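Asks: heads up, no residue letters with this:
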């Protein structure tokens, strides 16, 4: 299961930018109070006052018809933070339905999958739903978070081979990212589980990882990995 503490830490990063975009999108003066309420609700989630945030956000969709996706995102975020995982999927529905596609759709897919993951141990349908959601919106998932989420979802769904493939994508393609270490740990566990069935990493992927480390300024680590390849 994905810890709510991790979610709160990752959720804080885009809040200011999201609210800035929302403020630009809603240019009508009549909506000023509604935007203020949206900001207050976002602050409520960050201060762990989720109940008040959810109550405010439930009444905002009709008051901010220009940005229903932002309202939906913050409500889903509040529901997740409060532990109301079953409510997250419903809260995200306006984002899936929006045309043209919302700029939040990739983050929403990650959040929806994380919510499914919280109850994965009690329902195989939830693990399948998480995989399906991430695959459906794969092209817009933020990376490497998207590949790591898929690796975890496949592992929970009982598909360790696919889980290994996506864990390797994170480890070899994003070596300087914080997700790389977690992907490596997951891959090691999957290798132990699969034995000879574990999909081996290709030489070009290993070389690419070393060169990416070098480009990112991790010269010593890159040197170790290049020597190991030799």
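Replies: That came in fine, so what should we check first? Source: prediction; values computed, not measured. Numbers count the residues shown, from 1 in each chain.
Asks: Is residue 72 in a helix, a strand, or coil?
Replies: helix (DSSP: H, G, I helix; E, B strand; the rest coil).
Asks: who's in contact with it?
Replies: By CB atoms under 8 Å, 6 or more residues apart in numbering, the contact set of residue 72 is 61, 91, 92, 93, 94, 95, 108. C-beta coordinates here come from the backbone N, C-alpha and C atoms, glycine included.
Asks: Would you mind giving those as TSV with neighbour count, distance to residue 101 and pLDDT added?
Replies: Formatted as TSV, the contacts of residue 72 follow (neighbours: other CB atoms under 10 Å; distance: CB to CB, whole Å; pLDDT from 0 to 100):
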residue	neighbour count	distance to residue 101	pLDDT
61	15	18	75
91	26	18	94
92	25	13	96
93	13	14	94
94	19	12	93
95	24	9	95
108	25	10	96
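Asks: Take those residues and write them to CSV, including secondary structure and distance to residue 154.
Replies: Shown next, in CSV, are those (DSSP: H, G, I helix; E, B strand; the rest coil; distance: CB to CB, whole Å):
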residue, secondary structure, distance to residue 154
61, coil, 34
91, helix, 25
92, helix, 21
93, helix, 25
94, helix, 28
95, helix, 24
108, helix, 20
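Asks: Quick check: the gap between residue 69 and residue 119.
Replies: Computed as CB to CB, to the nearest Å, the residue 69 to residue 119 distance reads 25 Å.
Asks: Tell me which of these two has more neighbours.
Replies: Counted by other CB atoms under 10 Å, residue 69 and residue 119 do not tie: residue 69 has more neighbours, with 22 against 16.
Asks: if you skip the residues just before and after it, what's nearest to the more buried one?
Replies: With sequence-adjacent residues excluded and distances taken as CB to CB, 6 or more residues apart in numbering, residue 69 is closest to residue 102, at 3.8 Å.
Asks: How about residue 44?
Replies: Leaving aside its sequence neighbours, residue 44 sits nearest to residue 53 (CB to CB, 6+ apart; 3.5 Å).
Asks: can you pull the buried residues of the host helix or strand of the one you found?
Replies: Using DSSP states H and E, the element containing residue 53 is helix 50-58. Judged by neighbour count (16 or more other CB atoms under 10 Å), helix 50-58 contains these buried residues: 50, 53, 54, 56, 57.
Asks: tell me which of those is nearest to residue 189?
Replies: Checking those against residue 189 by CB to CB gives residue 50 as the nearest, at 32.9 Å.
Asks: Show the contacting residues for that closest one.
Replies: Taking CB under 8 Å, 6+ apart as the test, what residue 50 contacts is 44, 78, 79, 81, 82.
Asks: go on, residue 73?
Replies: In this structure, residue 73 makes contact with 18, 92, 95, 104, 107, 108, 111, judged by CB under 8 Å, 6+ apart.
Asks: What of residue 147?
Replies: By CB under 8 Å, 6+ apart, the contact set of residue 147 is 141, 166, 167, 169, 170, 173, 183.
Asks: please redo it, this time with the cut-off set to 7 Å
Replies: 166, 169, 170 (CB atoms under 7 Å, 6 or more residues apart in numbering).
Asks: count of neighbours near the first one?
Replies: By the other CB under 10 Å criterion, the neighbourhood of residue 166 contains 24 residues.
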